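Novice: Here is a sequence together with a model predicted from it:
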Amino acid sequence: MMFLVSISRKTGYSGSATEVDVDKLTIFIALVAVAILLQAGFLFGMLMALRRLQRVAEEFRGRALPLVEQGRELMVDIAPKLRQIGGNAMDVSELVKLQAHDVAKTLTAFNHKARVQIDRADGMINNTVSKAERTADSVQQAVMSPVRKVNGVIAAVVAAVDSYRGVERSSRRSYGSEERFI
(Lines give C-alpha, C1' and ligand atoms only; values in the text may rest on other atoms or scores of the structure.)
Protein backbone atom coordinates (compact mmCIF):
# COMPACT_ATOMS: atom_id res chain seq x y z
CA MET A 1 0.00 0.00 0.00
CA MET A 2 2.84 2.18 0.63
CA PHE A 3 3.93 1.61 -2.90
CA LEU A 4 0.61 2.88 -4.19
CA VAL A 5 0.77 5.95 -2.05
CA SER A 6 4.21 6.77 -3.36
CA ILE A 7 2.99 6.26 -6.92
CA SER A 8 0.04 8.49 -6.34
CA ARG A 9 2.28 11.20 -4.93
CA LYS A 10 4.67 11.07 -7.88
CA THR A 11 1.97 11.05 -10.49
CA GLY A 12 -0.21 13.56 -8.74
CA TYR A 13 -3.00 11.04 -8.29
CA SER A 14 -4.91 12.07 -5.22
CA GLY A 15 -7.52 9.36 -5.18
CA SER A 16 -7.51 6.66 -2.52
CA ALA A 17 -6.28 3.25 -3.34
CA THR A 18 -8.76 0.55 -2.83
CA GLU A 19 -8.09 -2.96 -1.93
CA VAL A 20 -9.21 -4.22 -5.36
CA ASP A 21 -6.63 -2.04 -7.02
CA VAL A 22 -3.94 -3.39 -4.78
CA ASP A 23 -4.93 -6.99 -5.57
CA LYS A 24 -4.92 -6.24 -9.30
CA LEU A 25 -1.56 -4.63 -9.02
CA THR A 26 -0.18 -7.57 -7.09
CA ILE A 27 -1.51 -10.03 -9.69
CA PHE A 28 -0.01 -7.88 -12.45
CA ILE A 29 3.36 -7.78 -10.74
CA ALA A 30 3.21 -11.54 -10.16
CA LEU A 31 2.40 -12.11 -13.82
CA VAL A 32 5.27 -9.86 -14.90
CA ALA A 33 7.59 -11.74 -12.55
CA VAL A 34 6.44 -15.11 -13.99
CA ALA A 35 6.96 -13.79 -17.52
CA ILE A 36 10.44 -12.59 -16.64
CA LEU A 37 11.21 -15.98 -15.10
CA LEU A 38 9.88 -17.72 -18.23
CA GLN A 39 12.03 -15.47 -20.39
CA ALA A 40 15.03 -16.22 -18.25
CA GLY A 41 14.29 -19.95 -18.54
CA PHE A 42 14.01 -19.68 -22.31
CA LEU A 43 17.20 -17.66 -22.50
CA PHE A 44 18.97 -20.21 -20.28
CA GLY A 45 17.67 -23.05 -22.52
CA MET A 46 18.87 -21.16 -25.59
CA LEU A 47 22.25 -20.65 -23.93
CA MET A 48 22.52 -24.38 -23.22
CA ALA A 49 21.42 -25.25 -26.78
CA LEU A 50 23.91 -22.75 -28.17
CA ARG A 51 26.73 -24.25 -26.11
CA ARG A 52 25.75 -27.75 -27.26
CA LEU A 53 25.58 -26.52 -30.86
CA GLN A 54 28.99 -24.90 -30.42
CA ARG A 55 30.44 -28.22 -29.16
CA VAL A 56 28.89 -30.07 -32.14
CA ALA A 57 30.25 -27.42 -34.50
CA GLU A 58 33.72 -27.72 -33.00
CA GLU A 59 33.53 -31.51 -33.24
CA PHE A 60 32.36 -31.23 -36.85
CA ARG A 61 35.11 -28.75 -37.62
CA GLY A 62 37.64 -31.13 -36.05
CA ARG A 63 36.41 -33.92 -38.32
CA ALA A 64 35.79 -31.84 -41.44
CA LEU A 65 39.04 -29.90 -41.59
CA PRO A 66 41.21 -33.01 -42.11
CA LEU A 67 38.80 -34.21 -44.79
CA VAL A 68 38.89 -30.84 -46.52
CA GLU A 69 42.68 -30.82 -46.30
CA GLN A 70 42.85 -34.36 -47.73
CA GLY A 71 40.51 -33.30 -50.53
CA ARG A 72 42.67 -30.29 -51.29
CA GLU A 73 45.82 -32.45 -51.35
CA LEU A 74 44.06 -34.99 -53.55
CA MET A 75 43.03 -32.27 -56.00
CA VAL A 76 46.59 -30.91 -56.05
CA ASP A 77 47.87 -34.45 -56.80
CA ILE A 78 45.18 -35.30 -59.35
CA ALA A 79 45.05 -32.01 -61.31
CA PRO A 80 48.27 -32.60 -63.33
CA LYS A 81 47.30 -36.20 -63.95
CA LEU A 82 43.88 -35.14 -65.20
CA ARG A 83 45.52 -32.61 -67.51
CA GLN A 84 47.85 -35.32 -68.80
CA ILE A 85 44.94 -37.73 -69.31
CA GLY A 86 43.05 -35.03 -71.22
CA GLY A 87 46.10 -34.36 -73.41
CA ASN A 88 46.61 -38.07 -74.02
CA ALA A 89 42.95 -38.47 -74.93
CA MET A 90 43.26 -35.68 -77.50
CA ASP A 91 46.45 -37.26 -78.91
CA VAL A 92 44.73 -40.65 -79.16
CA SER A 93 41.75 -39.02 -80.82
CA GLU A 94 43.98 -37.37 -83.44
CA LEU A 95 45.85 -40.64 -84.02
CA VAL A 96 42.57 -42.52 -84.46
CA LYS A 97 41.40 -39.90 -86.96
CA LEU A 98 44.63 -40.20 -88.95
CA GLN A 99 44.52 -44.01 -88.88
CA ALA A 100 40.87 -44.00 -89.95
CA HIS A 101 41.75 -41.68 -92.82
CA ASP A 102 44.65 -43.97 -93.85
CA VAL A 103 42.40 -47.04 -93.66
CA ALA A 104 39.77 -45.28 -95.77
CA LYS A 105 42.41 -44.34 -98.38
CA THR A 106 43.76 -47.91 -98.40
CA LEU A 107 40.29 -49.39 -98.80
CA THR A 108 39.49 -46.94 -101.59
CA ALA A 109 42.70 -47.87 -103.42
CA PHE A 110 42.05 -51.57 -102.86
CA ASN A 111 38.49 -51.20 -104.14
CA HIS A 112 39.73 -49.36 -107.24
CA LYS A 113 42.38 -52.01 -107.96
CA ALA A 114 39.88 -54.80 -107.42
CA ARG A 115 37.47 -53.17 -109.88
CA VAL A 116 40.27 -52.79 -112.44
CA GLN A 117 41.23 -56.46 -112.03
CA ILE A 118 37.59 -57.56 -112.26
CA ASP A 119 37.14 -55.49 -115.43
CA ARG A 120 40.36 -56.98 -116.81
CA ALA A 121 39.27 -60.53 -115.97
CA ASP A 122 35.84 -59.83 -117.50
CA GLY A 123 37.53 -58.59 -120.69
CA MET A 124 39.78 -61.65 -120.82
CA ILE A 125 36.83 -64.00 -120.32
CA ASN A 126 34.77 -62.20 -122.98
CA ASN A 127 37.75 -62.31 -125.36
CA THR A 128 38.31 -66.03 -124.66
CA VAL A 129 34.61 -66.82 -125.19
CA SER A 130 34.62 -64.80 -128.42
CA LYS A 131 37.73 -66.62 -129.69
CA ALA A 132 36.22 -69.98 -128.71
CA GLU A 133 33.07 -69.14 -130.66
CA ARG A 134 35.11 -68.09 -133.69
CA THR A 135 37.24 -71.23 -133.39
CA ALA A 136 34.09 -73.38 -133.16
CA ASP A 137 32.69 -71.63 -136.22
CA SER A 138 35.98 -72.14 -138.08
CA VAL A 139 36.16 -75.81 -137.09
CA GLN A 140 32.55 -76.32 -138.12
CA GLN A 141 33.21 -74.56 -141.42
CA ALA A 142 36.40 -76.59 -141.96
CA VAL A 143 34.62 -79.89 -141.24
CA MET A 144 31.37 -79.11 -143.04
CA SER A 145 32.94 -77.76 -146.25
CA PRO A 146 34.59 -81.08 -147.23
CA VAL A 147 31.49 -82.99 -146.13
CA ARG A 148 29.34 -80.83 -148.38
CA LYS A 149 31.75 -81.36 -151.23
CA VAL A 150 31.69 -85.11 -150.65
CA ASN A 151 27.89 -84.99 -150.49
CA GLY A 152 27.85 -83.07 -153.75
CA VAL A 153 30.13 -85.66 -155.36
CA ILE A 154 27.96 -88.49 -154.01
CA ALA A 155 24.80 -86.75 -155.23
CA ALA A 156 26.42 -86.36 -158.68
CA VAL A 157 27.44 -90.03 -158.75
CA VAL A 158 23.95 -91.10 -157.66
CA ALA A 159 22.41 -88.86 -160.32
CA ALA A 160 24.74 -90.28 -162.97
CA VAL A 161 23.96 -93.84 -161.92
CA ASP A 162 20.26 -93.07 -161.87
CA SER A 163 20.39 -91.52 -165.28
CA TYR A 164 22.39 -94.49 -166.58
CA ARG A 165 19.75 -96.88 -165.26
CA GLY A 166 16.99 -94.65 -166.46
CA VAL A 167 15.29 -94.12 -163.18
CA GLU A 168 13.51 -90.87 -162.80
CA ARG A 169 14.45 -88.60 -160.03
CA SER A 170 10.92 -87.75 -159.03
CA SER A 171 9.99 -91.38 -158.30
CA ARG A 172 12.97 -91.89 -156.14
CA ARG A 173 12.98 -90.52 -152.65
CA SER A 174 15.30 -87.56 -152.21
CA TYR A 175 17.51 -87.28 -149.19
CA GLY A 176 18.93 -83.95 -148.18
CA SER A 177 22.62 -83.61 -147.62
CA GLU A 178 22.16 -83.39 -143.90
CA GLU A 179 20.07 -86.58 -143.74
CA ARG A 180 22.82 -88.56 -145.46
CA PHE A 181 25.52 -87.16 -143.23
CA ILE A 182 24.60 -88.99 -140.08
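Specialist: Received it, and whenever you're ready, just let me know what you need.

Novice: Need the residue closest to the centroid of the chain.
Specialist: Centroid-nearest residue in the chain: Ser93, 16.3 Å away (criterion: C-alpha atoms, centre = their mean).

Novice: Okay, now the unreliable bits of this structure?
Specialist: Residues of the chain meeting the criterion pLDDT under 70: 1-18, 167-182.

Novice: For the helix ranked longest in the chain, name the packing helices and strands.
Specialist: Criterion DSSP state H: the longest helix present in the chain is helix 19-165. Where contact means 3 or more C-beta pairs under 8 Å, 6 or more residues apart in numbering; DSSP states H and E, helix 19-165 is packed against helix 2-11, helix 177-180. All C-beta spots, glycine's among them, are computed from the backbone N, C-alpha and C.

Novice: can we see that at 7 Å?
Specialist: Secondary-structure packing of helix 19-165 (3 or more C-beta pairs under 7 Å, 6 or more residues apart in numbering; DSSP states H and E): helix 177-180.

Novice: re earlier: for the residue nearest to the centre of the chain, give its distance to Glu58.
Specialist: In this view, Ser93 and Glu58 are 50 Å apart by C-beta to C-beta, to the nearest Å.

Novice: what's the answer for Lys81, then?
Specialist: Distance from Lys81 to Glu58, by C-beta to C-beta: 35 Å.

Novice: Ok, Gly41 next?
Specialist: According to C-beta to C-beta, Gly41 and Glu58 sit 26 Å apart.

Novice: do the same with Val157
Specialist: Taking C-beta to C-beta as the measure, Val157 falls 141 Å from Glu58.

Novice: Same check on Glu19?
Specialist: Separation of Glu19 from Glu58 (C-beta to C-beta): 58 Å.

Novice: Same check on Ile118?
Specialist: When distance is defined by C-beta to C-beta, Ile118 is 85 Å away from Glu58.

Novice: and if you look at Arg134?
Specialist: For Arg134, the distance to Glu58 equals 110 Å [C-beta to C-beta].

Novice: Many thanks, I have nothing further to ask.
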